[in-house]
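Student: Quick one: sequence and predicted model below, then my questions.
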Amino acid sequence: MASSLTCAGVVWAFLSFLCAAASCVGFFMPYWLLGSQLEKSVSFGTFRRCSYPVRDESRQMTVMVEQCGRYASFQAIPSAEWRICTVVTGLGCGLLLLVALTALMGCCVSELISRTVGRVAGGIQFLGGKCSLREGLGP
């Protein structure tokens with residue numbers, strides 16, 4: 001099995017794949033926000049939720065459904081901001097996974113990724129991470 005990556009490129013490819021997997025798992029889990037409502041533990045993410053209130057018309061009261069599930073439709077996501085977040089985060093996770101899998105394939109297939117392309121992609125990835133860290137820390 002020939003590789004088009006250096007030793008550092010192989011390590012970068014595996015770390016990129018681990019980060020992509022962690023991002024995708026975080027995106028699909030409903031534990032972005034945790035809290036309580038009607039004395040029950042509640043959590044939800046961009047398109048999944050656990051323990052949510054539902055109006056019971058037969059008893060004329062709000063009851064808590066204690067199970068996890070996704071929203072019935074895209075429009076059922078509570079706000080436009082959450083819908084935008086779902087689309088942008090989903091696209092980002094998909095792109096990250098695509099780049100990581102391509103890098104892993106570069107470990108197995110020679111001439112798939114040139115040295116220049118690998119360095120440029122790694123540099124862009126590094127700068128993107130630095131920029132997002134700087135934004136998260138504030139001025």
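Tutor: On my side now, so go ahead. Residues are numbered from 1 along each chain as shown.
Student: Helix or strand: which one has the nearest residue to residue 121 once chain neighbours are set aside?
Tutor: For residue 121, ignoring the flanking residues on the chain, the nearest one in space by CB to CB, 6 or more residues apart in numbering is residue 99 at 7.2 Å. C-beta coordinates here come from the backbone N, C-alpha and C atoms, glycine included. Taking DSSP states H and E as the criterion, residue 99 maps to helix 80-108.
Student: can you give me how far that helix is from the chain middle?
Tutor: From the chain centre to the centre of helix 80-108 is a distance of 7 Å (CA atoms, centre = their mean, to the nearest Å).
Student: So for the strand or helix carrying residue 117, mean pLDDT?
Tutor: Assessed by DSSP H and E, residue 117 sits inside helix 115-137. Per-residue pLDDT over helix 115-137 has a mean of 62.
Student: OK, contacts around residue 97?
Tutor: Residue 97 is in contact with 20, 21, 24, counting by CB atoms under 8 Å, 6 or more residues apart in numbering.
Student: run the last query once more with 7 Å
Tutor: Counting by CB atoms under 7 Å, 6 or more residues apart in numbering, residue 97 touches 20, 24.
Student: The one 5 residues further on now?
Tutor: With contacts defined as CB under 7 Å, 6+ apart, residue 102 has no neighbours.
Student: Residue 7 versus that one, what's the distance?
Tutor: 18 Å (CB to CB, to the nearest Å).
Student: same deal with residue 68?
Tutor: With CB to CB as the criterion, residue 68 and residue 7 are 42 Å apart.
Student: what do you get for residue 113?
Tutor: Residue 113 sits 14 Å away from residue 7, going by CB to CB.
Student: neighbour count winner among these two?
Tutor: residue 113 (21 against 8; other CB atoms under 10 Å).
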